[in-house]
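Visitor: Sequence first, predicted model second:
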Amino acid sequence: MGSQTPLKLPVIDFGKPELKPGTNEWDLVKGQVHVALRDYGCFEATFDKIPIDLRMSIFGSLGELFDLPLQTKIRNVSNKPYHGYVGQYPQVPLYESMGIDDANVSEKVEALTSTLWPQGNSSFSKTIHSFSEQLSELDQIIRRMVLESFGLEKYMDEHMESTNYLLRVMKYKGPETNQTKLGLHSHTDKNIVTILYQNEVDGLEVQTKEGEWINVKPSKHTFTVMIGESLYAWLNGRVYAPYHRVTMTGDKARYSVGLFSVPKGGYIIKAPDEVVDEEHPLLFKPYDHVEFLGFYYTEAGQKAESALKVYCGV
Ligand SMILES: O=C(O)CCC(=O)C(=O)O
Ligand SMILES: [Fe+2]
């Protein structure tokens, strides 16, 4: 007791130069992704396609954004819950976030930028857009590997085209105490795949199937990849969507960015026949993600242990 090595997430290297479908490298990494997502629903990824100066300038952009007056930040409204400005919640007083829908599309980022800075801020929009666009490549590599590893190649185009990208940027104020304070309550993500990147202040914790919490300690070279419930449902439970939370101590602010691949409204999530059999009976009836989110943010949805089970569980 006490001498146990702390739990760690698997680390997978996506930086190999020849990481192309059909190569040995690809198949090797694909196998690692499959095991990590089945066992943890989460892993750390090294992906150096995004230049280090772009990765570092993202935090400058986040600082500028969250330093804007509150009246300016709340101009970013969205008709989808959690897609606009979120903050000033008494339950999570350290937390603020801003959603940028279709962050890989430059016109969308520019439109949001001019809402926040009517005089313009091209370094902000360029940084956010290039970061999102380049990181979406990692999302696509991972999803391609996941589909291949379950023998679902014939659904590839449909699957890839069924999502869009939300970039959510986050700031957690330092609580200015040595006690641990909640930054973000424990939850599972509801989307397909989440890719997180953070500054040097740790705080993310991911729960294992056995109920233990792993302290995630990424470096500036690694991204944290996590499965959301949409992929869990589509693959009929063959991958794990882990609970995770953020805790904070000390006085330094934590900045993080999440790129979320999200099923588009109108697309029906239905587990393919290939992943349903006697051993794996169907878990969820076919459903529309955006309609499900409507339920998730009601009182009943928030109270449920698994809102998705209540909404469309078989
Ligand atoms: O800030 C983080 O690292 C995690 C944020 C998160 O879990 C979320 O936005 O869903
Ligand atoms: Fe999350």
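Guide: Great, that's in hand. It should be emphasised that the depicted structure is a prediction, and the values quoted were computed from it without experimental measurement. Ligands and ions are numbered 1, 2, ... in the order given.
Visitor: in what helix or strand does the residue in the chain that ligand 1 sits nearest to lie?
Guide: Nearest residue of the chain to ligand 1 (Cβ to the nearest ligand atom) works out as residue 256 at 3.6 Å. Backbone N, C-alpha and C define where each C-beta goes, glycine included. According to DSSP states H and E, residue 256 maps onto strand 254-263.
Visitor: Equivalent analysis for residue 72, please.
Guide: Element membership of residue 72, judged by DSSP H and E, is helix 70-73.
Visitor: helices and strands around the next helix or strand after that helix, which ones?
Guide: Counting by DSSP H and E, the next helix or strand C-terminal to helix 70-73 is strand 85-87. Strand 85-87 sits against helix 70-73, strand 95-101, with contacts defined as 3 or more Cβ pairs under 8 Å, 6 or more residues apart in numbering; DSSP states H and E.
Visitor: Spatially central residue for the protein, please.
Guide: residue 194 (2.1 Å; Cα atoms, centre = their mean).
Visitor: helices and strands around the helix or strand in which that residue is found, which ones?
Guide: In this assignment (DSSP H and E), residue 194 forms part of strand 193-198. With contacts taken as 3+ Cβ pairs under 8 Å, 6+ apart, strand 193-198 sits against helix 122-149, strand 222-227, strand 254-263.
Visitor: CA atoms only for it, dumped as PDB, please.
Guide: Extracted as PDB, the C-alpha positions of strand 193-198 are listed here (Å, rounded to 0.1, in the frame of the first residue of the first chain):
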ATOM      1  CA  VAL A 193     -14.400  12.100 -29.900                       C
ATOM      2  CA  THR A 194     -13.000  14.800 -27.700                       C
ATOM      3  CA  ILE A 195      -9.300  16.000 -28.000                       C
ATOM      4  CA  LEU A 196      -8.000  18.100 -25.200                       C
ATOM      5  CA  TYR A 197      -5.000  20.400 -24.900                       C
ATOM      6  CA  GLN A 198      -4.000  22.300 -21.800                       C
END
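Visitor: The next helix or strand after that strand and ligand 1 in contact?
Guide: Where DSSP H and E defines the elements, the next helix or strand beyond strand 193-198 is strand 204-207. Yes - using Cβ under 6 Å from any ligand atom, strand 204-207 reaches ligand 1 at residue 204.
Visitor: same question for strand 204-207, mean pLDDT?
Guide: Mean pLDDT, strand 204-207: 98.
Visitor: list the helices and strands that strand packs on?
Guide: strand 213-215, strand 244-250.
Visitor: deepest of those strands, which one?
Guide: Greatest average neighbour count among the helices and strands packed on strand 204-207 goes to strand 244-250 (a mean of 20), per mean count of other Cβ atoms under 10 Å.
Visitor: Give the full set of residues in contact with residue 45.
Guide: Taking Cβ atoms under 8 Å, 6 or more residues apart in numbering as the contact definition, residue 45 lies against 11, 12, 13, 14, 138, 142, 195, 222, 223, 224, 225.
Visitor: quick one: what helix or strand has it in it?
Guide: Assigned by DSSP H and E, residue 45 falls in strand 42-46.
Visitor: In the sheet, which strands lie alongside that strand, parallel or antiparallel?
Guide: Take DSSP bridges as the rule and strand 42-46 pairs in its sheet with strand 11-13 (parallel), strand 222-227 (antiparallel).
Visitor: Which helix or strand lies directly C-terminal to that strand?
Guide: helix 52-66.
Visitor: Any buried residues in that next one, and which?
Guide: By 16 or more other Cβ atoms under 10 Å, the buried positions in helix 52-66 come out as 55, 57, 58, 59, 61, 62, 65, 66.
Visitor: Phi first, then psi, for residue 269.
Guide: phi -80, psi 120 (degrees, to the nearest 10).
Visitor: Can you report how many residues neighbour it?
Guide: For residue 269, the neighbour count with other Cβ atoms under 10 Å is 21.
Visitor: pLDDT of the helix holding residue 72, averaged?
Guide: When pLDDT is averaged over helix 70-73, the result is 94.
Visitor: chain center to it: distance?
Guide: Here helix 70-73 is found 25 Å from its chain centre; the criterion is Cα atoms, centre = their mean, to the nearest Å.
Visitor: ditto for stretch 107-120
Guide: Counting by Cα atoms, centre = their mean, stretch 107-120 comes out at 24 Å from the chain centroid.
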